[in-house]
Structures are given as structure tokens and as C-alpha cells.
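>>> Just need the structure, nothing else, for what follows:
(2 chains)
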There are 2 protein chains.
Amino acid sequence: MHLPSKVKLVDVGPRDGLQNEKSPVPAAVKIELVHRLQDAGLTEIEVTSYVSPKWVPQMADNAEVMAGIRRKPGVRYSVLTPNMQGLEAAMKPAPELWPDEIVVFGAASEAFSQRNINCSIAESIERFRPVVAAARASNIYVRGSISCSVGCPYEGEIAPERVERVARLMKEIGVQHIGVADTIGVGTPLKVQRAMEAALRHYDLDGVSGHFHDTYGQALANTLASLQMGVWQFDTSVAGLGGCPYAKGATGNVATEDVVYLLHGMGIETGIDLDKLIDAGKFISDFLGRQPNSRAATALLNKRMN
Amino acid sequence: MHLPSKVKLVDVGPRDGLQNEKSPVPAAVKIELVHRLQDAGLTEIEVTSYVSPKWVPQMADNAEVMAGIRRKPGVRYSVLTPNMQGLEAAMKPAPELWPDEIVVFGAASEAFSQRNINCSIAESIERFRPVVAAARASNIYVRGSISCSVGCPYEGEIAPERVERVARLMKEIGVQHIGVADTIGVGTPLKVQRAMEAALRHYDLDGVSGHFHDTYGQALANTLASLQMGVWQFDTSVAGLGGCPYAKGATGNVATEDVVYLLHGMGIETGIDLDKLIDAGKFISDFLGRQPNSRAATALLNKRMN
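All right, here's what the predicted structure looks like:
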């Protein structure tokens, strides 16, 4: 097996995880969550998004959250900026409050692109072009995410060629890194590897990450299959924050705790302290009034009580 | 990747899954569950155990369940028989009611053996010797299970050499097949592969199966790692029946539904109809008054309602 010796996890809990929460999460709680994640050893955190509060009210406090974070050297803070307005808002304060990285979201499925961001895939890429250029001109790293890289709730299975196309388009406009996202969690190892291969036609191993959902319980198997290709960067969400908007009550983002358990068990370094990570997940889960949606966290929290 | 094209799953739900249930499950419900599993395409079902009702009251109806099953050609029915008394009880009725297969449980951990079956590993093997001989003399297939093959709740990590030893001892007394069981779900892919390799020193690929628990969410990754070695037989439990007695509220046996989703997604045949399997899991979960402990079942049941 060709396995990386180190893996970097990007915790997307504060943004991707919390964005669908119905009840408001105060900025102070989000800031505390970011602090706990960085104290646990996460070196990249997706903090918030600069989108219209009309669409995503939960992220209306983006500026307050970004300003409230005690930045830790060596940690990268990323935000979602789907358009120029978003980027301008993210860059409105003094440069020390800017994100280190922005994320733009494209889709491998036309139907998903239309329904989710109201335009075709090609149009979305054109919309990102000036955003990418402006960010890079200010030395902000640009990551692209390809939603529905394996399956789409409207179109079903997605052919690898369509991932390849979006990767190529993103490369052309200067996106520096792409995430292969199985947004609805339908992927299984061989399909995920084919989507990864498609992305790797335009980006090298350092420029590709995996973003898996555990809706069908497949996320760790897909992570293993990606590791075996040499992929060493993954998005995960502490306590499995973030349900699946396409299946009520179902699991969404894979839990960071479960992935860390997998990696450490395989002798792969993450720099993350699993106990502190579990505390971070417990903190936000307690605030939300539920149990962490992570099997490793559940088992280890049970063990602590015995 | 070296992957099998077909996989056989042994559903252990009626026995391993239900044995820890506090409230009694009537024999008629167990029989109906077995019928639904065979109708869904399962070709081997672990039905019950012949152990003292003092220790496992839930299985006191073993003879009634075995007599009540409408046997389907091509399906194998197995039972747990830890000693001669158990085997004699299983063989008390007419031969057409005998099990096709018996299972004996050893452990790779001395401490677990002592606490679980009150004797050393070597003593347990000696206890199984006449059971194996008698079963084989009557043409009943003998499967052995090696508990705690990766980790033990009392001893921690288990070295592969200890799995190798139990496999050798089981081979010596005539056990025909062994299951490498990660009883507490602490295994991760490389550790599981090392345990499998140890078992494969004494049995060929047709004689080894994997039995994984999803306590830490690792079961499907471990299944994938085993498939990559050519292992093609696995124990699973419909609806994830069977909690983990070592971690209250935690997940135990991996759900058959999740494994079938993985395999079918990889193009590996199982002969199982996932929809019917989900119905079987819903049937027993409804009876027990809870949701199936399977992410694939949860997602697919949600999808049905939309």
C-alpha cells in the first residue's frame, strides 16, 4: 500500500457544519470552537462564509467571528466566498483579519449547480474568475470544491469525466487546490478513486483533497481508498457537525474524530490530540443539545465514564 | 487492487445481535427475522446458541427457533455451541432440524478468555476438541471465531502472533474455518490486515472470514482492507443489531446494510436484495422500538419517505 506518513485535516465544522443549524449559534461560541480546534492541533479551519445572510442567516456574523479569533501561528483560516461581494466583505477589515484562504464551490452536476447556485457550471466558473484573480493578487490562497463529484441528488451517478472537466476549468482560472466532494455520501471506494484520478489529471497530489460525507457510512472506506492513492488532505467536521440537507436525520460530514482514529490507528501522523478534539466536539455538541455524531467520540466518551 | 468478485455475508443478527437484548424477543419474531433474511438473499444465518439459559436467557428458545424455521435450499443455518452439552442439545431433535454448522468461540486474549469463558485459551481449545470431533463425525461444518483478534478490553492491543497461535490450535483440533473478530471494534486497516495474515498462515482464503464491530466507525475501512487481501466472507448483523457490552450506547456489530452498500457500490456481488434487507432490518428494529443502527438503512429509509 502506498500510504502517506502525514495527513492534514481541514476542519469544516464551524462553517459547513454549523451553516444548516436552525437555532442561532452565537459568535462567541463559534470563536470558542475555533480556539478549541486549533488547541487540539488542527492546522486549517474553515471558519465562516461570506454569503447573503438572506440565504445563510447562520453565517451573518462572519466579520465578528473572523475578528474575534485569536490567531495561532501555523494555522490557516479559510472562508467561503462565492462571489466578488463575498471576497470584498472578507477583505474589508485590516489585512491581519483577512482569511488565509478562500473557498469557491463548483459542482460536477449541472442540475445541482442550477438548483444550488442558480447558474450553469460554466457560468459559475466565470463568476469565480475575478474572485480568484483578486484573492491571488492579495496573496490569499484559493481552494475550489467540486460538489457532487460521485453522485448528485438530482442526476444520480456522476461520471469521472465531469469531475475532470470542472477540475480543468478551475485550473484555468487559477484555483490552486481542489477538493473532491461526495456531497451526498453515496460514493464507495472505487468510484471515489475514479473521481480522484479525474481531479489528479489537472492537479498534483499536494493540490487535491477529499471531502466525504458519512450518510451511507462509507466515508472512512473512501478515505482509506484515497490514502492508498497518496491523497493526504481531507475535509472533516468535528463531532460530525452538519446534517445532510437531502436526507433528514441522516449523517452529513464525516466526523473528524473518526478520521483521526483511523489515521492514528494506521500510524499516520496528524498533529492532532484526539482527546482535546473530543473535548472540542463535546463542547459544541453540548451547546447544540445533542450527542456528537461520531462513533469514535461516542465510544471514547463512554470509556471515559467507566 | 486484488478484490473478490463475490462476497458471502453471514448474518449474525438473530444470535449475536439479539443475545444481549434485555427484553425477551419471542421465538416467532426471531423466526420471522430469519425468514426475512433468507428472502433477502442471505445464504448463511447465525440463528441461535445452545448455552445455559442462566447466562443467556434470550437464547433459551433455541430449539423452538430451530424447529420453526422454514429451511430454504442453499441456506446454511449455524448455531453457537460452546461445549458438548450445547452440541448434544443442538443434535437432540431429528437430523433435519440440526444446524448445518456450529460455531465455537476462542479468544486471542488470555484475560478475555478467563473473564468471558472462565478458562485459559488452551483449556478452551481442549474443551472444543470433542465438540469439533462429534460435529464433524455427523457432517456438521465447524467454524471457529477468534475474539479480540486486534484488541482486548482488558489487555489492550493484541499482537498478531497471538491470533496465529489460536488459529494453529483451532486447525489442530479440526476447526474448518476461522473468523477474525474485532470484538470491541478498535481495529484499523493495517492492524486488521496483520491479524488476517496471521490467520492465513493456517487457513486458506476460503477458510477465513472477518467479523468487525463499528464501535469506532472503522468496520467498513477494515472490510475494505480485508477485501484487498482477497478475504471474501464476513459476519455482519442486520440493522446493526447487538450493542457493545463494553461501551454502553455504543455501536457493536457492523450493519449488514452498510456492508452491502459498500460491496454493491464496488461492483461486488452478494446475492442480496438491499431493499428487502432494509425491510428485514426495519421489521426487527420496529419490534425493538428503535431505529436501525445502520447509516445506509437510515439514509435509504429517509429517501423512501421523500
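
>>> mind checking how far residue A:106 is from chain B?
As judged by C-beta to the nearest C-beta, to the nearest Å, residue A:106 and chain B stand 24 Å apart. For the C-beta atoms, the positions are set from N, CA and C on the backbone; glycine is no exception.

>>> What pairs with the helix or strand that residue falls within, parallel or antiparallel?
Per DSSP states H and E: residue A:106 is located in strand A:101-107. Partners of strand A:101-107 in the sheet, by DSSP bridges, are strand A:76-80 (parallel), strand A:141-147 (parallel).

>>> Touching the last one from outside, list them.
What it means is strand A:141-147. The contact list for strand A:141-147 (C-beta atoms under 8 Å, 6 or more residues apart in numbering or on different chains) reads A:76, A:78, A:100-109, A:112, A:116, A:128, A:132, A:135-136, A:163, A:166-167, A:170, A:174-181, A:183, A:199, A:211.

>>> Below-threshold pLDDT in chain A: ranges please.
Scanning chain A for pLDDT under 70 picks out A:1, A:244-250.

>>> just checking, what packs against the longest helix anywhere in it?
Across chain A, the longest stretch assigned as helix under DSSP state H is helix A:121-137. Helix A:121-137 sits against helix A:84-90, strand A:101-107, helix A:110-117, strand A:141-147, helix A:160-172, with contacts defined as 3 or more C-beta pairs under 8 Å, 6 or more residues apart in numbering or on different chains; DSSP states H and E.

>>> now those as CSV including distance to residue A:286 and mean neighbour count?
Formatted as CSV, those follow (distance: least, C-beta to C-beta, whole Å; neighbours: other C-beta atoms under 10 Å in any protein chain shown):
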stretch, distance to residue A:286, mean neighbour count
helix A:84-90, 30, 18
strand A:101-107, 28, 25
helix A:110-117, 31, 18
strand A:141-147, 29, 25
helix A:160-172, 38, 20
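
>>> Only alpha carbons, please: show the strand holding residue A:106 as PDB.
Extracted in PDB, the C-alpha atoms of strand A:101-107 (Å, rounded to 0.1, in the frame of the first residue of the first chain):
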ATOM      1  CA  GLU A 101      -7.500  31.100   2.100                       C
ATOM      2  CA  ILE A 102     -10.900  31.400   0.300                       C
ATOM      3  CA  VAL A 103     -13.000  28.600  -1.000                       C
ATOM      4  CA  VAL A 104     -15.200  28.600  -4.100                       C
ATOM      5  CA  PHE A 105     -17.800  25.900  -4.700                       C
ATOM      6  CA  GLY A 106     -18.400  24.500  -8.100                       C
ATOM      7  CA  ALA A 107     -20.400  21.300  -8.900                       C
END
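
>>> now that strand against helix A:160-172, angle please.
Going by axes from the mean of the first three to the mean of the last three C-alpha atoms, to 10 degrees, strand A:101-107 is angled at 140 degrees with respect to helix A:160-172.

>>> hmm, back to that, please render the strands paired with strand A:101-107 as CSV that adds distance to residue B:72 to the earlier fields.
Output for the strands paired with strand A:101-107, formatted as CSV (distance: least, C-beta to C-beta, whole Å):
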stretch, distance to residue B:72
strand A:76-80, 54
strand A:141-147, 44
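
>>> Looking at those strands, which is nearest to residue B:83?
Relative to residue B:83, the nearest member of those by C-beta to C-beta is strand A:141-147, separated by 56.7 Å.

>>> what sits up against the helix or strand following the closest one?
Next helix or strand after strand A:141-147 toward the C-terminus (DSSP H and E): strand A:151-152. When contacts are defined by C-beta under 8 Å, 6+ apart, strand A:151-152 is touched by residues A:107-109, A:111-112, A:157-158, A:182-184, A:186-187.

>>> hmm, 7 Å instead?
The contact list for strand A:151-152 (C-beta atoms under 7 Å, 6 or more residues apart in numbering or on different chains) reads A:109, A:111-112, A:157-158, A:184, A:186-187.

>>> For chain A, which residues are neighbours of chain B?
A:188-191, A:214-218, A:220-221, A:224-225, A:247-251, A:258, A:261-262, A:265-267, A:295-296, A:298-299, A:302-303 (C-beta under 7 Å from any C-beta of the partner chain).

>>> list the buried ones in stretch A:57-70?
By neighbour count on 16 or more other C-beta atoms under 10 Å in any protein chain shown, the buried set for stretch A:57-70 is A:58-59, A:61-63, A:65-66, A:68-69.

>>> Contacts for stretch A:199-209 next, please.
By C-beta under 7 Å, 6+ apart, the surrounding residues in contact with stretch A:199-209 are A:163-164, A:167-168, A:171, A:176-180, A:196, A:230-231, A:233-235.

>>> Taking helix A:110-117 as reference, get the angle to the longest helix of chain A.
Interaxial angle, helix A:121-137 versus helix A:110-117 (the same axes, to 10 degrees): 60 degrees.

>>> Could I get the buried residue list for helix A:121-137?
A:121, A:124-125, A:127-128, A:131-132, A:134-136.

>>> For residue A:117, which residues are in contact?
Residues in contact with residue A:117 (C-beta under 7 Å, 6+ apart) are A:82, A:124.

>>> Next: residue A:89.
Listed by C-beta under 7 Å, 6+ apart, the contact set of residue A:89 reads residue A:50.

>>> Distance-wise, check it relative to residue A:50.
Distance, residue A:89 to residue A:50, using C-beta to C-beta, to the nearest Å: 5 Å.

>>> Please apply the same query to residue A:294.
Applying C-beta to C-beta, the value for residue A:294 to residue A:50 is 28 Å.

>>> try residue A:303
To residue A:50, residue A:303 is 40 Å away according to C-beta to C-beta.

>>> So between these two, which is more surrounded?
Between residue A:303 and residue A:50, residue A:50 has the larger neighbour count (other C-beta atoms under 10 Å in any protein chain shown), namely 25 against 13.

>>> Looks like that one contacts residue A:62 (just checking).
Yes: when contacts are counted by C-beta atoms under 7 Å, residue A:50 is listed as touching residue A:62 (5.5 Å).

>>> before we move on, the earlier item: can I get the helices and strands packed on helix A:121-137 in JSON lines with distance to residue B:21?
Listed next are those as JSON lines, based on distance: least, C-beta to C-beta, whole Å:
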{"stretch": "helix A:84-90", "distance to residue B:21": "52"}
{"stretch": "strand A:101-107", "distance to residue B:21": "45"}
{"stretch": "helix A:110-117", "distance to residue B:21": "42"}
{"stretch": "strand A:141-147", "distance to residue B:21": "41"}
{"stretch": "helix A:160-172", "distance to residue B:21": "45"}
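
>>> Tell me who's in contact with the residue of the stretch 201-306 of chain A found nearest chain B.
As assessed by C-beta to the nearest C-beta, chain B sits closest to residue A:265 within the stretch 201-306 of chain A, at 2.8 Å. Residue A:265 is in contact with B:188, B:191, counting by C-beta under 7 Å, 6+ apart.

>>> and if we set it to 6 Å?
Residues near residue A:265 by C-beta atoms under 6 Å, 6 or more residues apart in numbering or on different chains: residue B:188.

>>> any idea which helix or strand carries residue A:119?
Per DSSP H and E: residue A:119 is located in neither a helix nor a strand.

>>> Got the phi and psi for it?
Backbone torsions for residue A:119, taken as degrees, to the nearest 10, come to phi -160, psi 170.

>>> neighbours around it, how many?
Using other C-beta under 10 Å, the number of residues around residue A:119 comes to 13.

>>> likewise residue A:259?
Applying other C-beta under 10 Å, we find 28 residues neighbouring residue A:259.

>>> which SS state does it fall under?
Assigned by DSSP: H, G, I helix; E, B strand; the rest coil, the conformation of residue A:259 is helix.

>>> Next up, the contacts around the residue lying closest to residue A:152 once chain neighbours are set aside.
Among residues not flanking residue A:152 along the chain, residue A:109 sits closest, at 3.6 Å (C-beta to C-beta, 6 or more residues apart in numbering or on different chains). Residue A:109 sits next to A:148, A:152, A:155, A:158 when contact means C-beta under 6 Å, 6+ apart.

>>> and what of residue A:169?
Counting by C-beta under 6 Å, 6+ apart, residue A:169 makes contact with residue A:125.
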